[in-house]
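1. Quick one, what's the 3D model for this:
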Amino acid sequence: MSRRRLRFLGVGDSESINFWNTNLLLETESRRLLIDCGYTIKYALRDVGLTLGDIDAIAITHVHADHVFGLERFGYEMRYSYRRRIPLMLEPNIMSALWEQTLKGCMGRSSDGENRLEDFFNVKPISHHAFGFEGCQLHTFPTIHTPGMDTYGLIFDDDVIFTADSKPLDWLASDRSDRLILHDCSLQASNPVHATLEELIRVYPPQVRNRLLAIHYGDDLETYRSLIERELGGVAEQGNEVVWG
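-> Numbers count the residues shown, from 1 in each chain. Coordinates of the predicted model:
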């Protein structure tokens, strides 16, 4: 199996101004898959020496702004500057919300007239909660986030788990593998739709916490860093990466 690299393009929550939106970049030997595409994506790519044109495909976990608002800029530049449509992978039950409730207002009409999502991207609905990218096998799983909204996390090659936005998950609390976990970690005292640091410590046993990196955190990270590093596996630092294979 060829080496895979997962770069942390951004690690911040939706309110953060010190960290970019939590978006990841899966890189194989020859291609790049962007995981989520928030409104700070151009800055995040610039910081690692890349542009929108260097991305070969995108996968979306859910339709909140810090995960999808960058698609408007991405779609327009791909269509009119790069003259290509790249694959957009997403669970079928979030497709309508992505276009009809999120992107259509700003992308539904252009100089070419009326548009569909398919006019900007090669839309690839995920089948049976799994898809492949350059030999890497990815599986989606439902998360606990905003009530009534379909949200998903991703597992990469059964080596790395990314919860995206989620409260703690019962099945993860009983996981006894050695898989690395990138887990949503709100630094607020309480949060109805994101796992708080206190919840991560309380819900997950040590054998889970010691391989868990906090991600999607706020600008007050340094206030909590010592507690995170004592109780969890550490912090997913912006610009860092994990490699496997």
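2. for the chain, what are the low-confidence residue spans?
-> The model of the chain has pLDDT under 70 over residues 1.
3. how is it carved up into domains?
-> Here the domain parsing of the chain from automatic domain parsing is 1-128, 136-235.
4. right, and these - which one's nearest residue 243?
-> Ranking the domains of the chain by their distance to residue 243 (criterion: CB to CB) puts domain 1-128 first, at 5.0 Å. C-beta coordinates here come from the backbone N, C-alpha and C atoms, glycine included.
5. Can you lay out the domains of the chain as a markdown table showing distance to residue 244 and mean neighbour count?
-> As requested, those are arranged in a markdown table below (distance: least, CB to CB, whole Å; neighbours: other CB atoms under 10 Å):
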| stretch | distance to residue 244 | mean neighbour count |
| --- | --- | --- |
| domain 1-128 | 6 | 18 |
| domain 136-235 | 5 | 18 |
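6. Count the residues that sit near residue 242.
-> Using other CB atoms under 10 Å, residue 242 has 17 neighbouring residues.
7. could I get the longest strand seen in the chain in CSV with only the CA atoms?
-> For the chain, the longest strand by residue count, based on DSSP state E, is strand 136-142. Only the C-alpha atoms of strand 136-142 are listed here, as CSV (Å, rounded to 0.1, in the frame of the first residue of the first chain):
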residue,chain,number,x,y,z
CYS,A,136,-7.4,4.7,0.1
GLN,A,137,-10.6,3.3,1.4
LEU,A,138,-12.9,5.8,3.2
HIS,A,139,-16.0,5.0,5.2
THR,A,140,-18.6,7.4,6.5
PHE,A,141,-20.4,7.1,9.8
PRO,A,142,-23.2,9.2,11.3
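8. helix or strand for the nearest residue to residue 219 once chain neighbours are set aside, which one?
-> In space, and not counting its chain neighbours, residue 219 is closest to residue 18: 4.4 Å by CB to CB, 6 or more residues apart in numbering. Residue 18 is part of no helix or strand when elements are defined by DSSP states H and E.
9. Need phi/psi at residue 18.
-> Phi and psi for residue 18, reported as degrees, to the nearest 10, are phi -90, psi -20.
10. Could you measure from it over to residue 218?
-> Going from residue 18 to residue 218 by CB to CB, to the nearest Å gives 9 Å.
11. intersection of neighbour lists for the two?
-> Common contact partners of residue 18 and residue 218 (CB atoms under 8 Å, 6 or more residues apart in numbering): residue 12.
12. now stretch 105-125: how far from the chain's centre is it?
-> 22 Å (CA atoms, centre = their mean, to the nearest Å).
13. now for that stretch, what's the gap between its first and last residues?
-> 22 Å (CA to CA, to the nearest Å).
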